[in-house]
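> Need the 3D shape of this:
(2 chains)
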Amino acid sequence: MENIKTLQFEKPSFFQRLKGMLGVDFYRLFHTPLFYIFLAIAAIIPALVSMGAMGEGETAGMFSNAWQIIAAFKPLYIIRDIGEYANMNMVFIFGGIMVSIFIGHDYRSGYVKQLFTTHAKKEDYMISKTLVSAFSMVCMCFTYLIGGMIAGAATGLPFAINAGSLLCAILGKMIMSLGWASLYTFINIIFRRKFGISIALCFVLGTGIPVIGAAALLGNTAALNVFLYGSSVYACLSANFLSVLVCLACSCVWAIIYNVLGSVILYRRDVY
Amino acid sequence: MNAIEIHDLTKSFRGMYALNGLSMTVPQGAIYGFIGENGSGKSTTEKCICGHLVPDKGKITLFGKPYTDAGVRVRVGALIENAGCFPSSSVYSNLMMQAINLGLKDRNGEIARVLKIVRMEDNARLTFKKCSLGMKQRIGIAMALLGDPALLILDEPINGLDTDGMRLMREILVDITKNYGCTVLISSHILGELEKIATHYGIIRQGKMIKEIAASEMDSRSRSYVSLKTRDMQTTFDLLRRVGYSVKFEEGEMRVYDIDDTARLSAFLMQSGCCLSELKKHKIGLEEYYVSLMSGKGAV
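So this is what the prediction gives:
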């Protein structure tokens, strides 16, 4: 023990800590196939939906405009046909599965131990996972948009639409990615050792079934916009700047709530 | 300054106490051998120190600061249960992720440095799942060594390793404490290996520390003996007893205790006409000390 060093411990700032955690998550995201597979899935979904729209089955003729593959014309929480449901909101369903796999890998590999050993502040984990998951879903929205445009062109449906509303709808849905990402991260924190439950729950909540069910009981009320699915539907082809603000408020508020709750759980419960 | 100080640490799982008022002190610069039976609370203690488990009560300080201090924890490296690597990623990628996590500047240089320490320079591109158990353990140590850690916490790092692997691991641990001034907390069941490197020991039973002792103190307390085989064992026994040697028949062999000069004993027996066929020098080491403590006989 003759070689005892004089040690100095520099406390890293919040941004230094977050930079490290985000760096790892983005490195993982870009260096593993998971992200690219889900980008491809997001691009393929609109093509599959369009094929359904062009076919001769029950779904035939469900679209009258090519942009309906991105968003419905009106904010309808009660689903009357699949055409009002099958749009960019589906990214949030697949996004939930991706987030579950991404966070689940942290736990199954044991890498989370390295993260929690070196990061005493548990909120770093919540914030980083939320931001990276939100980024992934925004990217999926982009590939969905590209896939939707190609699929829309292939169906031969008209593209005529109010450009401002379309932009607000797309922007609104992208903003909602933050809220959805925080919800999925939170679910994966609660069920961190139960991978199957996390995926199933993310899928169910991503489909918006609870809000659709509530709409069936309460009617098509704007009060449902306080929920993530409600605001996601609100970002429709008749959206305006106010719709974007509603999405921003809803997404940010839920992101803060889920991040605070997730951090409290991580502080109070064993993490591994 | 002590690297780790724990006071009255308690942790229970569904009413079962894994740690029950554990207190321990690990001096800075020590290789602290943490010994105990399966389920005695070694891994639970290590997980509490690393922040993986939330203690019910108790106080943990690392280098004089609370264990929740971000500045201290960023200087803790751990290998607990497994290396904690992504199986489909390469050794390099796994190390790179940890280097990014720690915010290191010269990441490639750091990765090369730790790979050299664990003798894995040529295996950086290997996929983690294709590595042998020994290699995985060394990668785990490399991960823990990134970023100049002040404290290394290693849970059973030599379990499952072959003789060569154990020797290599021993060399690595001695190297990092000598050359990098790191404090090491190491738990292991392989007491013989631990005895070769540890400077301090802590013996835990049922979630409580029952003994902390420096290796030097244990050495000074330990007794040595010589086991003998002669043609006529009884005559030799009587002869040695008569001239004042502390001699006993134990575990089927004749033992002469507290012998410093075996050559002198051997010469005496030859001169006395005893035909000596075997003479072996032994030291009562960590294992015997541990067994005696566990059996409640007290220290040797």
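> confidence score at residue 183?
In the absence of a named chain, this looks at chain A. Looking at A:Leu183, its pLDDT reads 97.
> ah, no, chain B please
93.
> what bridges to it?
B:Leu151 (DSSP bridges).
> before we move on, what about the one 4 residues further on?
In this structure, B:Ser187 bridges to B:Phe34, B:Asp155 when assessed by DSSP bridges.
> isn't it right up against B:Phe34?
Yes. Counting by Cβ atoms under 8 Å, B:Ser187 touches B:Phe34, with 4.1 Å between them. Quick note: C-beta positions are derived from backbone N, CA and C, even for glycine.
> What is the burial count for the closest residue to chain A within the stretch 151-300 of chain B?
Closest approach between the stretch 151-300 of chain B and chain A, counting by Cβ to the nearest Cβ: B:Gly181, at 3.8 Å. By other Cβ atoms under 10 Å in any protein chain shown, 18 other residues sit near B:Gly181.
> can you check the one 3 residues further on too?
B:Val184: 26 surrounding residues under other Cβ under 10 Å.
> Contacts only, for it.
Residues in contact with B:Val184 (Cβ atoms under 8 Å, 6 or more residues apart in numbering or on different chains) are B:Ala30, B:Ile31, B:Tyr32, B:Leu151, B:Leu152, B:Leu154, B:Leu173, B:Ile176, B:Thr177.
> Could you rerun that using 10 Å?
Contact analysis of B:Val184 by Cβ atoms under 10 Å, 6 or more residues apart in numbering or on different chains lists B:3, B:26, B:29-33, B:77, B:144, B:149, B:151-154, B:157, B:173-174, B:176-177, B:197-199.
> same thing with B:Ser272?
Counted by Cβ under 10 Å, 6+ apart, B:Ser272 has contacts B:Thr235, B:Thr236, B:Leu239, B:Leu240, B:Val243.
> Wasn't A:Gly23 part of a helix?
Yes. Counting by DSSP: H, G, I helix; E, B strand; the rest coil, A:Gly23 is located in a helix.
> so it makes contact with A:Leu131?
No. With contact defined as Cβ atoms under 10 Å, A:Gly23 does not reach A:Leu131; the gap is 11.7 Å.
> neighbour count winner among these two?
A:Leu131 (21 against 18).
> which secondary structure element contains the more buried one?
helix A:123-155 (DSSP states H and E).
> what's the burial count for A:His105?
A:His105 has 18 nearby residues by other Cβ under 10 Å.
> got the angle between the host helix or strand of it and helix A:123-155?
Per DSSP H and E: A:His105 is located in helix A:90-109. Orientation check (axes from the mean of the first three to the mean of the last three Cα atoms, to 10 degrees): helix A:90-109 against helix A:123-155 gives 140 degrees.
> what are the ranges of the strands in the stretch 51-200 of chain B?
B:57-62, B:65-66, B:76-79, B:151-155, B:183-187, B:200-205 (DSSP state E, counting those that start in this stretch).
> Deepest in the core, which of the ones you listed is it.
strand B:76-79 (a mean of 28; mean count of other Cβ atoms under 10 Å in any protein chain shown).
> Grab the CA positions of that one and hand them over as CSV.
Listed next in CSV are the C-alpha coordinates belonging to strand B:76-79 (Å, rounded to 0.1, in the frame of the first residue of the first chain):
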residue,chain,number,x,y,z
VAL,B,76,-15.7,3.4,-9.6
GLY,B,77,-15.2,0.4,-11.8
ALA,B,78,-17.2,-2.8,-11.3
LEU,B,79,-17.4,-6.4,-12.5
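> For it, what is the distance to the chain centroid?
15 Å (Cα atoms, centre = their mean, to the nearest Å).
> pLDDT on that strand, on average?
Mean predicted confidence for strand B:76-79 is 94.
> Stretch B:204-214 too?
The model assigns stretch B:204-214 a mean pLDDT of 92.
> what's the spacing between that stretch and its chain's center?
14 Å.
> can you pull the buried residues of it?
B:Ile204, B:Arg205, B:Gly207, B:Lys208, B:Met209, B:Lys211, B:Glu212, B:Ile213, B:Ala214 (16 or more other Cβ atoms under 10 Å in any protein chain shown).
> Return the member of these nearest to B:Leu293.
B:Lys211 (5.8 Å; Cβ to Cβ).
> The closest one and B:Gly202 touch, don't they?
Yes. Using Cβ under 10 Å, B:Lys211 makes contact with B:Gly202 at a distance of 7.4 Å.
> shared neighbours, these two?
With Cβ under 10 Å, 6+ apart, B:Lys211 and B:Gly202 have common neighbours B:Ile35.
> What values do phi and psi take at A:Ile70?
phi -90, psi -50 (degrees, to the nearest 10).
> What number of residues are in the vicinity of it?
A:Ile70 has 25 nearby residues by other Cβ under 10 Å.
> cool, and B:Arg167?
B:Arg167: 14 neighbours (other Cβ under 10 Å).
> and it, what pLDDT?
85.
> Near chain A, which residues of the stretch 151-300 of chain B? Just list them.
Counting by Cβ under 10 Å from any Cβ of the partner chain, the stretch 151-300 of chain B comes close to chain A at B:Leu151, B:Ile153, B:Thr177, B:Lys178, B:Asn179, B:Tyr180, B:Gly181, B:Cys182, B:Thr183, B:Thr199, B:His200, B:Ala214.
> doesn't A:Phe73 make contact with A:Leu237?
Yes. Judged on Cβ under 10 Å, A:Leu237 makes contact with A:Phe73 at a distance of 4.9 Å.
> returning to what we had before: quick one: which of the contacts of B:Ser272 has the most company?
Neighbour max across these (other Cβ under 10 Å) = B:Thr236, 22 neighbours.
> I'd assumed that one was in a helix, is it?
Yes. Checked against three-state DSSP, B:Thr236 lies within a helix.
> Let me see the contact set for it.
B:Leu228, B:Lys229, B:Thr230, B:Val247, B:Met254, B:Val256, B:Leu269, B:Ser272, B:Gly273, B:Cys274, B:Cys275, B:Leu276.
> which among these end up buried?
B:Leu228, B:Thr230, B:Val247, B:Met254, B:Val256, B:Leu269, B:Cys274.
> Show only the entries of those found in helices.
Per DSSP state H, helices hold the following members of the buried ones among the contacts of B:Thr236: B:Leu269.
> how deep is residue 148 tucked in, by neighbour count?
No chain in the question, so chain A it is. 27.
> My question was about chain B, not that one.
As a measure of burial, B:Asp148 has 16 neighbours, counting by other Cβ under 10 Å.
> And for A:Phe73?
By other Cβ under 10 Å, neighbour count at A:Phe73 equals 17.
> which strands and helices sit next to the helix ranked longest in chain B?
Counting by DSSP H, the longest helix found in chain B is helix B:163-180. Helix B:163-180 sits against strand B:31-36, helix B:107-117, helix B:133-145, strand B:151-155, strand B:183-187, helix B:191-197, with contacts defined as 3 or more Cβ pairs under 10 Å, 6 or more residues apart in numbering or on different chains; DSSP states H and E.
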